[in-house]
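S.K.: no FASTA, just this:
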């Protein structure tokens, strides 16, 4: 008989909500995490990644702004032309 050990992890409420929204009917959180990680790991194109991400709830307006701010900060030294992502 195969017994599966478990680990408890802490996630913030927003992450929990996004994971709960991405979970399929009757799917455990462990299975949902495994499925989502497998989709990302097997992605070969940006289209594959976007398709996988489409099943996850959108970022809040505040998180979106923070995400774009981090991108803008990190692009400061890039040699190619920058596009306005806002």
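M.R.: Here it is on my side, so go on. It should be emphasised that the depicted structure is a prediction, and the values quoted were computed from it without experimental measurement. Numbering: from 1, shown residues only.
S.K.: for the residue nearest to the spatial centre of the chain, give me the pLDDT.
M.R.: Compute the mean C-alpha point of the chain, and by Cα atoms, centre = their mean the closest residue is residue 53, 6.3 Å away. Among the per-residue scores, residue 53 holds a pLDDT of 75.
S.K.: what ranges does the chain have for its helices?
M.R.: 13-22, 29-41, 46-53, 61-74 (DSSP state H).
S.K.: of all the ones you listed, which one is nearest residue 7?
M.R.: Judged by Cβ to Cβ, the one of the helices of the chain that comes nearest to residue 7 is helix 29-41, at 9.8 Å. Where C-beta positions appear, they are placed from N, C-alpha and C, glycine not excepted.
S.K.: report the buried residues of that closest one.
M.R.: 32, 36 (16 or more other Cβ atoms under 10 Å).
S.K.: please tell me how far the residue nearest to the centre of the chain sits from residue 36.
M.R.: Residue 53 sits 9 Å away from residue 36 when distances are taken as Cβ to Cβ, to the nearest Å.
S.K.: who touches the spatially closest residue to residue 56 that is not a sequence neighbour in this structure?
M.R.: Nearest non-adjacent residue to residue 56, counting by Cβ to Cβ, 6 or more residues apart in numbering: residue 22, 4.9 Å away. Neighbouring residues of residue 22 by Cβ atoms under 8 Å, 6 or more residues apart in numbering: 32, 36, 55, 56, 57.
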